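Student: got a predicted structure plus its sequence, pasted below:
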Amino acid sequence: MNDDIRQKTKEIDEIIAKYLPKEEGLAATVMQAMNYSINVGGKRIRPMLMMEAYRMFADDQGDEVLHRFMAAIEMIHTYSLCHDDLPAMDNDDMRRGMPSTHAKFGEAMGILAGDALLNYAFETAAGAFECAGDDPKKCRRCARALSILAKKAGIYGMIAGQVADIEAEDKDSSQVDMDVITFIHENKTAAMIESSLMIGATLAGADDKQVASLEKIGSDVGLAFQIRDDILDVTGGEALGKPVGSDERNGKVTYVSLVGLDKARQDVNDLSESAVAELSNLPGSSTAGGKFLSDLILGLAVRNR
């Protein structure tokens, strides 16, 4: 499994590299900051999920239409990290063992790099229409995929979760209950995982019911992923690039602080098994893409970084 992930990560890195901006002209600094932010590393989970969801429903391995959306979703994820690290947000100077974007290029350029990545993501995804040419079926799929990407990244998705997360800071468990924590996790983390799976399937021609099923899978995977992060903050946070127990020291209410480690671990397991069970009901679940997705979901539930 680890060898497969490494190979797929390499494939995804090569795809993303094709769409990164050239570092030239009077605005070259922001291009440098954008490319630095993308290339500093990462699991590439979102484009990986998109690629494998596509391969569940399509006979081919994917063309430039898919590749553009894979690059776009990683750009959006990276922009969110650029902004998360800013002094006004989490105020983190390190990201994946390297200086965060604002720490390396300055706060103003950290803001602009995030803004640029978000805008460039949609510029990149919109280029899929030209690739689709005069094929009305492909164009409709591109339009639907672009709509999913925009909604899940916006005020009804990732940004909504970020807003709730900021407003929950410095509040105790009498003010931040499980409904609030679940809302944060479902939007800040799960929304873009849902988007990845839904877009991959949409571009491959999956029907509305199948796409809705993948949205449910993405929700379960995203919740499990974030709860696992909360667990690692208690048991092994250095692997995430932050000190063990940083959430507790900062007085942050988390899933683990509300339910305890044992219940959190059980919920990660239950959510992951629910996602795999839902996946097994879809056509293509027995394909290489479907089997890899199943293994990946279960692997994320026990990851240590």
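Tutor: All right, it came through fine.

Student: only C-alpha atoms for contact and neighbour calcs from this point on.
Tutor: Fine.

Student: measure T182 to G161 for me?
Tutor: 9 Å (CA to CA, to the nearest Å).

Student: hang on, isn't L118 packed against A71?
Tutor: No. Between L118 and A71 there is no contact under CA atoms under 8 Å: 11.4 Å.

Student: neighbour-wise, which of those two wins?
Tutor: Neighbours of L118 and A71, each counted by other CA atoms under 10 Å, are more numerous for A71; the result is 27 against 21.

Student: ok, the more buried one - contacts?
Tutor: A71 makes contact with 15-16, 19, 47, 121, 124-125, according to CA atoms under 8 Å, 6 or more residues apart in numbering.

Student: now swap in G127 and tell me
Tutor: G127 sits in contact with R68, where contact means CA under 8 Å, 6+ apart.

Student: now the one 5 residues further on
Tutor: Contacts were defined as CA under 8 Å, 6+ apart; by that measure A132 touches 65, 138-139, 142.

Student: circling back: buried among the contacts of A71? Make that a ChimeraX selection.
Tutor: To isolate the buried members of the contacts of A71 in ChimeraX, using 16 or more other CA atoms under 10 Å:
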select :15,16,47,121,124,125
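
Student: so which of the contacts of A71 are in helices?
Tutor: With helices taken from DSSP state H, the overlap with these comprises 15-16, 47, 121, 124-125.

Student: would you reformat those residues as TSV and include pLDDT and distance to D92?
Tutor: Listed next are the ones in helices among the contacts of A71 as TSV, based on pLDDT from 0 to 100; distance: CA to CA, whole Å:
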residue	pLDDT	distance to D92
I15	98	29
I16	98	25
P47	98	25
A121	98	24
T124	98	28
A125	98	29
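
Student: turn these into JSON lines, columns for distance to V234.
Tutor: Formatted as JSON lines, those follow (distance: CA to CA, whole Å):
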{"residue": "I15", "distance to V234": "35"}
{"residue": "I16", "distance to V234": "33"}
{"residue": "P47", "distance to V234": "28"}
{"residue": "A121", "distance to V234": "34"}
{"residue": "T124", "distance to V234": "38"}
{"residue": "A125", "distance to V234": "38"}
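
Student: any idea which of those is closest to K152?
Tutor: Nearest to K152 among those, counting by CA to CA, is A121 at 13.5 Å.

Student: in contact with that closest one, which residues?
Tutor: Shown in contact with A121 (CA under 8 Å, 6+ apart): 71-73, 75-76.

Student: closest to S294 among those?
Tutor: Closest approach to S294 among the contacts of A121 (CA to CA): I73, at 21.0 Å.

Student: so where does that closest one fall, helix or strand?
Tutor: Under the criterion of DSSP states H and E, I73 resides in helix 64-84.

Student: in that helix, what's buried?
Tutor: Neighbour counts over helix 64-84 (16+ other CA under 10 Å) mark 65-84 as buried.

Student: likewise for stretch 189-207?
Tutor: Neighbour-count burial for stretch 189-207, with 16+ other CA under 10 Å as criterion, is recorded at 189-206.

Student: what's the mean pLDDT across it?
Tutor: Per-residue pLDDT over stretch 189-207 has a mean of 98.

Student: could you do stretch 154-164 as well?
Tutor: Averaging pLDDT along stretch 154-164 gives 97.

Student: where in the protein is the helix or strand with the lowest mean pLDDT?
Tutor: None of the helices or strands of the chain scores lower by mean pLDDT, DSSP states H and E than helix 246-249, at a mean of 52.

Student: right, and the helix or strand after that helix?
Tutor: Proceeding N to C from helix 246-249, the next assigned helix or strand is helix 255-259, under DSSP H and E.

Student: what comes into contact with that next one?
Tutor: With contact meaning CA under 8 Å, 6+ apart, helix 255-259 is reached by 173, 177-178, 181, 227, 230-231, 264.

Student: switch the cut-off to 10 Å
Tutor: In this structure, residues lying in contact with helix 255-259 by CA atoms under 10 Å, 6 or more residues apart in numbering are 173, 176-178, 180-182, 185, 226-234, 247-248, 261-265, 267.

Student: could I have the buried ones of those as ChimeraX selection syntax?
Tutor: The following ChimeraX line selects those of the contacts of helix 255-259 that are buried, judged by 16+ other CA under 10 Å:
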select :176,180,181,182,185,226,227,228,229,230,231,232,233,234,247,261,264,265,267
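
Student: which of the contacts of helix 255-259 fall in helices?
Tutor: Using DSSP H, the subset of the contacts of helix 255-259 located in helices is 178, 180-182, 226-234, 247-248, 261-265, 267.
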